[in-house]
Every structure is written in C-alpha cells, then in structure tokens.
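1. fold the following and give me the result.
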Amino acid sequence: MRNTRSVPARPVPLIALAVTTAGSLLLGPNAAAAEPRPPVHREAALDQQVARAPLSAAQRALTGAGAAPQAEAALGDDGRGYPRRQVLGPDPVNPADKSLKLGLTPYHALAPKLNALQALGDRVSVEVAGRSAGGHRLYLVTVTAPETVRQARSQARMRELIEQAPALAAKSPEIKRTYKAPVFVNNNIHGNEWEGTDASLRLIERLATAKDAATRDLLSHSRLYFNITANPDGRIAGTRANANGFDMNRDFVTASQPEVRAMRQIMVDKQPTVMLDLHGYVNGTLIEPTTPPHGENYEYDLFLKNSYANALGMEAAVNGLGYTPQKDGVEPAQIPFRDQEEGWDDWPPIFTPQYAAFHGTVAAHTVEIPMEVNGSVYDTLPVTELRRRSAINVDVAGAALRATLDFVRTKRTSLVADQIEVFRRGAAGAAQVPVSPETVPGVPGIGPEDVYTTTFPRAYVIPAPGTTAAARLVGHLVAGDVRVTRATHSFRLGGRTYAKGSYVVDMHQPKRGLANVLLADGRDISDKVSAMYDISGWSLGRLWGTTVQTLPRMPYGGVLRPVREASSVAYVAPRGDLRLRLDDPNEVGALNSLLRDGVRVLRAADGSAIVPGSARRQAREAARQYDVAFHATRLTGTVPLQRTRVAAAVTAGELFALREMDFEVTPVSTDVLNAGFDWSSVDVLFVSVGLEYGDLSAAARTALDAFLAGHGLVGRGITGAELNTAAGLLAAKPVEGNGDANGVVRVRNSGSPLMSGAPDHGFVYAPVWFTDLGPDVRVEQAYGAGNPLVSGHWRPSPDGSGGPADAAGRASVVSGPGAVLFGTEPLFRDHPKGEFAQVARALLAMAHTTDTSRKRLPNR
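-> Sure, this is the predicted structure:
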C-alpha cells in the first residue's frame, strides 16, 4: 500500500485487484471468499488471439456505415424539444443470445422494451446513435423533464457558451439557475459484461414514473443519457470484443470502430459533467478514481475532487446493499486511488472515462461489478448460480447508478462550475493546478506520486497540407472537437516559413488537453511505476505519418481561418504516367483497388507504384475514394504488381488494418492449416499469432513448406520470428524484450524500397530485435541508439535483460530471400497509421518470391 496515504490501507495486497474475467472467485451463496488471483492486463488476451472477424464487419466500419441513418435519428440539437419519441422496429428473436442464460435482457428484446418505456410518460426519449460493426442499432436513451423547443434551444445555447466562452459562462446566472447538468451512463462496452444494461433499464423505468420530489428535482436540473449497450455484437455473442474483434475500451485514441465513434459523438454533443462506464468483474466492486500514474493532460485537481467524492457515495451505496463475503461471496467495494499503490492507472486516454475527461467530464468512473459470470464459468456453473450472480451484479450496478444521480442532484452547481473551469483554463492558456492536500481538500493521502502535469506548447503546426496523412490527422482532430485552423497564405515564425494551407492548432482552446494528448510525444514513465495496466505511449504526431511541430507563438495578421474538415488532397496529374508513393495506407488501398480492376501497375526501384497514363480514369476514381494524389512521373517500373491475397494468422487490429488497405485476406491458424488449406488461393503468409510450426500435422507442414518455397513470409513478433526459424527461411535470431514494454520508439530506417518514406518513429509492445544475422539478411530498420524509448514504459525484465539499452542499435526489421520479420508493432490495434505501408510493401515484395533455388536453412 502507499505509505503516503493518510487512511488505513486495506488489508489486501495489490493482487486483490483480481480481474475475474481471467477466471477467479467461484463462490456459492454460502462460500467463504476465495483467494484473489493476480491481475491481468485489460487487453492482453485479445492481443494474443488469432483474428477471424468477418469481412462485412470491417467494411461496415471502414465505409462509415456505423453512422446513424437519417431516417432513424439525429443526435444533435436540431430544434426539437423533449421527449423525442420514435417507435423502434423489432429485431429478429435470437434464442442464441448469450444474455438469456443469465436471466438478462437479450438484444432482440431491447427495442420493444424501449418502446414500452417511452410509453410510460413524457420523460423518456430513444434515439439511434449509430450502428455496430455487426450492423446492430446503438440506442441512446435520454431521461429528463419535458422541454419545449424553446427550452431545448436554450439548453443548447448554454452548453455551447460553456465550451466556447467559458469566462462568460462562469458569470452567467442563467446557467447557474437553469442549466441541466448532462450525465452519461455507458453500458456493456465489453459485450460479456452484461449487467449494466439491465441495471440502466430498471433505473429508467423507475425514473419514468417516479413522483417523489427528489426525482422531480433531478430531472428538472439534469439530462441523463444512457448508452443502453455500447457493444450489441458482443452482448449477443458473449464476447468482450465487437464483430471486428476489437476491445473498444482501447480504441478512443484511434476511433477505428463505429461504436467508438458513436460514443465520441455523444460526448461531443452532450458534454457530460459526470459519466459512469459499467464493467465487470472485480470482487469487491472496483470504483475509480485510479492509482498513479495519472494522465498529465487532465485538469486533475477538478477531476479528482469530484470523482473521489462520487466514489465514496457509490461505495456506501454498494456496501449498503448488505451483501457479504460469507453469505453471498461479495467483497466490500474498493477505490483504487485510496486502496492500492499501483496497477489500475488512468494514464492513457484509451478508456472511456479517461477520454470523457477531455470533453469536460469532471467525475468519470469505470465501475467493475463483482460477480464473475463470463469466461469459463459461463459454461461450467449451473444456470441457477449464474443467475444468482447476475442478479447481484444488477443490484450493485443499480446502487452505483442511484448514488451517482444523488451526487449530481446535490452537486449540480459545482459540477457545472468545474466543467466551465476546465474549459476556461484551456481557452486562457492557464497553468494546471497540481494536486495536493491544499488544492484538493477532502481527498486523503495525496502525495507526490499523484502529481502529473505538463507544459502545453503555444500551438502545433501540421506543415504538410497536401498529404493524405495530414488530412487524416486533421479530420481526426476535428471529429474529436479539437479546434483547427488553416493558413490562407504562407507565414514565417521562429526562423521557419510555413506554406499556405498549413494547419495550426491553437493550444489556447477549451479542449487543449485532448489536442495535446493526441499530438504530443508523450513521456517516458518507466521510472514511475513497476508496470502499467495497458499502453503507456502513443502519439499521432509521431505515428500517423505526417510532420507535427510546435510553434512558439501564434501567427499574426489574420492568416488563419477555422476549418470544419480537412481539405481533400485527391489529385491526378493531367498528363503522363502516374506515380503513387505507397507511403500511406490509403495509397496502398488505392493501389489494391486498381489491381482489383485489372490495371497494369509496375513497381519502381524506390518501391512506389507506376500507373500508366491510359488508366487515368481509374486513377481519378481511386483518388476520390481514398483521398490520394497521383503525380506525373518519368520513372519507369520494372516489376509487375498483382492483386495480393494474404493468408493471415494475426490479431484483430492487424486483420482490420490489412482490410483497411484493401488487401484480400483469408484468416488462418494452426487449426485451419491442420484441417487442410488450399494454398493456391493466397500469395503470401503473414503471421503474428496463432500459428505454431511444431503444432502442425505432417501433411500441413509439408503443404506450408511447399508454399514457402515459391512465396514469402511476413512475420511479426516472436511468433512470426519462430515460424521463420522453424521453416528454415532467414538466419536471424529473435531476442525478446520485456513482455510488458510498450510505447513510441526512435528507429533508423535503411532507405531501401521496403522502408522508403517510413517515419523515424515506431511503436512497440513486447519488443523484439534480431541478432546473429546471416549473410543474406538485410537490416531494414534498427532501434535508435542510447535509449530508443520516446514515450511509454519499458524497463528491463527482472533478470536485468530485455530493456531499452539491450535493444539500442539492434535490428528491429530484417529481410532476405523469402521473409521479412518485424520486431515492432506496425499495425497495433489499427493505430500507427504511418507504419502500415511498411507491412504493405513487405507483403507485396513477398507475394511472388519465385527464387526456388534459394538455400533453405535446416528446419528446427
């Protein structure tokens, strides 16, 4: 326990934060508490599973089909009052819905249930916020006292004033008196953590008809927004992930999934002061705020003040239900900030509550309800026991919800004032306030280990306005409600000239924290804690393939104009043959679309693609679809490129990234190959997980060897490297770094066609490097000298090996006849966009390796 805490430490070790999704407390109603099991990283299991997501789910996410159809609903303030009723059409009854076994509400029952709730009175409205990767509707329920059109417009005007002019909002008596505090409840983002949905439905039903003074007061002074199930795909299938295999509670920095984009839009549009994200299963109930390290871009003094106060209320409500370890197997609730030293941090904004903080939420919580009902126990425990546990979980989630609403009702004025102060500090460029017993009174045990602040630059500039990568980054910022401007003519600052069209992000803006957490390099926090819960480093400025620089001051003279979206960079030269650089995933997608249409494309010596002028019409279509530029060239290609079909034993994020680049992908695994696989249907093999050479049958091994005699392997991580060794391809010894290490690293690229245009930074998770290289092995990329880690967490392993010093200068990507091996994570969770092209070029190079005379190494 932290010796800086002034409250007594809980009599449990850190491992009491038992994430029971890994399998833990199997308690009957009269059983004593079981010994807690060690915690697991919240994403580790999915990052080690081979992906099998259907192509249709990726297409739905990539084409924007997750957006709410106009005919169904629009979430913005469009002049309508409340209630906003609509009759939801039914979904087909699905007897295989996994929630049925638990006695919970199946997805197909939600639409009729929500129709019935709307019919109870004038307090409940239902809108469709979007569609999931699997095509299911995402329901947003609003509960509030009725509002006329005029009243709703007044609320919208006040909300806009709070963000856009916070100094004025702070002085507004109208806001203090009549503004309805928005509250956001997010349920079931992990599909096999079901009960938040049912607790919310139960609460909505009570609020719809309650006549007591407290309820009338609450609904007159707040709007309650319930995302009924953030993950209907997973709710139905009983999986943590959505139909694309994504853990969406890791996707908020990237927003690759339609469900996450819908949640982001809810936060932008509704601007919640308070939010709950209901999860399971940790026994006793885990209620944030968290352990260190704390995100350095928050206004953490305001966040901690309110989050801790609300956590105390939720703790009392949960413990007040009367469940006990002896009688029910339910441990007392716990608050990580108070009760634990480390292990459950809020450093990365990939989690829903942490991301919400950048939209003005001043009390945000993950709540982990106690009783495990998923994983192996779902299949092994009796139905009666599963339903007993689920009933307890619904009760616990309901207690947390009711306590939060009591907190909002009694603290509405100060919650709104603190949200205004968050935005005021950002707009004014005011300094953050470090947490201390003096700045956050009432929160016990604050120590120096809780102090994380940063220095915000005056502005950022993206000086490459004509690139696809710059347009992607700007579009992402704008979608997250970050203010971006564009130069109407060139300007000079700090001895540099910036071209007309350069994008500038003024850091004196209400959501400066979000802008900085996305664009900054981040920080090396290896010395702060022994291990992190999930990723520790990310940087769109370093990893998304475009240049991002800081400015010492803002340009003068009215040179900047606000932008609502990035300008298109689609271009096709009017004459001559055309060159497509292949530095960006969109450019790779454009190439693959041309190849699919039968266009003859050649690869140039620098790795770019040469398109004949006779295919200008097809190039124009590809340029519009992928927002890329085809420039005139005199280069001549030498190697014909063909539509590349990929057999992939990879993670969900990697599979999605391959499909984002429009590769034709067939998921494979050890089991698939052992069942008999038609190798004639693919051109190249990409392996990172789920394919072990030693586990293949003799027939499968023979077939794989025959394929690799005429085609190549692209391997990532230790699994890909071990397959290379076992198959006798490249002479390269893989060395594993610390398996928990992750973050942004400096790299040195070779300048070969494989690495042409590659960024000088990469991303690692469980880094690997290569030694003992054979004479035919080329170092394509190496880790930077000294300490290659820029931001993240990378310590040596307990035996002293595997740290960044061991990796410094070592080969991170190698190639040779028949294989390319990556020790970095260039497709990690679909995030490091600037690195995608490295994998694409490797796949194109390895797809038709026809040198059957190359010498194979002995099989391991």
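2. ok, now which ones touch residue 530?
-> Contact analysis of residue 530 by C-beta atoms under 8 Å, 6 or more residues apart in numbering lists 342, 795. From N, CA and C alone the C-beta is placed, and that goes for glycine too.
3. so it lies in a strand, does it not?
-> No - when the secondary structure is assigned by DSSP: H, G, I helix; E, B strand; the rest coil, residue 530 falls in coil instead of a strand.
4. could you measure it against residue 250, distance?
-> Per C-beta to C-beta, to the nearest Å, residue 530 is found 21 Å from residue 250.
5. likewise residue 108?
-> Residue 108 sits 28 Å away from residue 250, going by C-beta to C-beta.
6. quick one: low-confidence parts of the stretch 351-500 of the chain?
-> For the stretch 351-500 of the chain, no stretch has pLDDT under 70.
7. scratch that, the chain
-> Counting by pLDDT under 70, the low-confidence segments of the chain come to 1-47, 64-78, 849-860.
8. try it again at 50.
-> 1-44, 65-74, 852-853 (pLDDT under 50).
9. top helix in it by residue count?
-> helix 383-428 (DSSP state H).
10. give the next helix or strand downstream of it.
-> Sequence order places strand 459-462 as the next helix or strand after helix 383-428, per DSSP states H and E.
11. which strands and helices lie in contact with that next one?
-> On a contact count with 3 or more C-beta pairs under 8 Å, 6 or more residues apart in numbering; DSSP states H and E, strand 459-462 meets helix 468-479, strand 503-506, strand 549-551.
12. what's the shortest one in contact with?
-> The set of residues external to strand 549-551 that reach it, using C-beta under 8 Å, 6+ apart, is 457-461, 463, 493-494, 504.
13. also the first one?
-> When contacts are defined by C-beta under 8 Å, 6+ apart, helix 468-479 is touched by residues 255, 261, 264, 462, 464, 484, 503, 505, 515, 518-519, 540, 544-546, 548, 563-569, 583-584, 586-587, 626-629, 833-834.
14. show me which of those residues are buried.
-> 255, 261, 264, 462, 464, 484, 503, 505, 515, 518-519, 540, 544-546, 548, 563, 566-567, 569, 583-584, 586-587, 626-629, 833-834 (16 or more other C-beta atoms under 10 Å).
15. in strands, which of the contacts of helix 468-479 fall?
-> 462, 503, 505, 629 (DSSP state E).
16. would a markdown table of those with distance to residue 742 be doable?
-> Converted to a markdown table, those look like this (distance: C-beta to C-beta, whole Å):
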| residue | distance to residue 742 |
| --- | --- |
| 462 | 26 |
| 503 | 29 |
| 505 | 26 |
| 629 | 34 |
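17. in those, find the pair that's most separated.
-> The span of the ones in strands among the contacts of helix 468-479, defined through C-beta to C-beta, is set by 505 and 629 at 23.5 Å.
18. doesn't residue 292 belong to a helix?
-> No - according to three-state DSSP, residue 292 belongs to no helix; its state is strand.
19. to what extent is it buried, counted in neighbours?
-> By other C-beta atoms under 10 Å, 24 other residues sit near residue 292.
20. that one: what's it in contact with?
-> Counted by C-beta under 8 Å, 6+ apart, residue 292 has contacts 342, 345, 449-450, 452, 528-529.
21. do you know how far residue 756 is from residue 659?
-> For residue 756, the distance to residue 659 equals 24 Å [C-beta to C-beta].
22. most centrally placed residue in the protein?
-> residue 251 (1.0 Å; C-alpha atoms, centre = their mean).
23. that residue touches residue 828, doesn't it?
-> No - between residue 251 and residue 828 there is no contact, the gap being 11.7 Å when judged by C-beta atoms under 8 Å.
24. all strands of the stretch 651-800 of the chain, in order?
-> Listed in chain order, the strands of the stretch 651-800 of the chain (DSSP state E, counting those that start in this stretch) span 664-667, 684-687, 712-716, 733-736, 742-749, 761-765, 768-771, 778-783, 789-793.
25. need the ones you listed in CSV (columns: mean neighbour count and distance to residue 674).
-> As requested, the strands of the stretch 651-800 of the chain are arranged in CSV below (neighbours: other C-beta atoms under 10 Å; distance: least, C-beta to C-beta, whole Å):
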stretch, mean neighbour count, distance to residue 674
strand 664-667, 19, 15
strand 684-687, 28, 15
strand 712-716, 28, 18
strand 733-736, 17, 24
strand 742-749, 23, 32
strand 761-765, 27, 28
strand 768-771, 22, 26
strand 778-783, 22, 32
strand 789-793, 24, 37
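26. to residue 704, which of the ones you listed lies closest?
-> strand 684-687 (7.9 Å).
27. and residue 756 and residue 659? Which one has more around it.
-> For the pair residue 756 and residue 659, the greater number of neighbours falls to residue 659 (23 against 20), based on other C-beta under 10 Å.
28. need the contact list for the more buried one.
-> If you count contacts by C-beta under 8 Å, 6+ apart, then residue 659 has 55, 58-59, 62, 665 around it.
29. identify the farthest-apart pair in those residues.
-> 62 and 665 (13.0 Å).
30. okay, now residue 429: neighbour count?
-> For residue 429, using other C-beta under 10 Å, the count is 13.
31. quick thing: my sequence starts at 7, can you match it?
-> Sure thing, new numbering starts at 7, so read that last one as residue 435.
32. which ones are touching the residue nearest to it when sequence neighbours are not counted?
-> Once flanking residues are discounted, residue 435 sits nearest to residue 514: 4.3 Å by C-beta to C-beta, 6 or more residues apart in numbering. By C-beta under 8 Å, 6+ apart, the contact set of residue 514 is 432-435, 464.
33. do the same with residue 850
-> Shown in contact with residue 850 (C-beta under 8 Å, 6+ apart): 609, 647, 650.
34. who are the contact partners of the closest residue to the last one other than its chain neighbours?
-> Okay, so that is residue 650. Among residues not flanking residue 650 along the chain, residue 853 sits closest, at 4.5 Å (C-beta to C-beta, 6+ apart). Listed by C-beta under 8 Å, 6+ apart, the contact set of residue 853 reads 648, 650-651, 689-690, 717-718.
35. look up phi and psi at residue 143.
-> Main-chain torsions, residue 143, degrees, to the nearest 10: phi -70, psi 140.
36. may I have the beta-bridge partners of it?
-> Per DSSP bridges, the residues bridged to residue 143 are residue 137.
37. what is the neighbour count of residue 646?
-> 11.
38. ditto for the one 5 residues further on
-> By the measure other C-beta under 10 Å, the count of residues near residue 651 is 16.
39. now do residue 816
-> 18.
40. of all the helices and strands packed on strand 465-468, which one is nearest residue 755?
-> Of all the helices and strands packed on strand 465-468, helix 474-485 comes closest under C-beta to C-beta, at 16.3 Å.
41. buried stuff in that closest one?
-> Residues of helix 474-485 classed as buried by neighbour count (16+ other C-beta under 10 Å): 474-484.
42. do stretch 704-724 as well
-> 706-707, 709-710, 713-715, 717-724.
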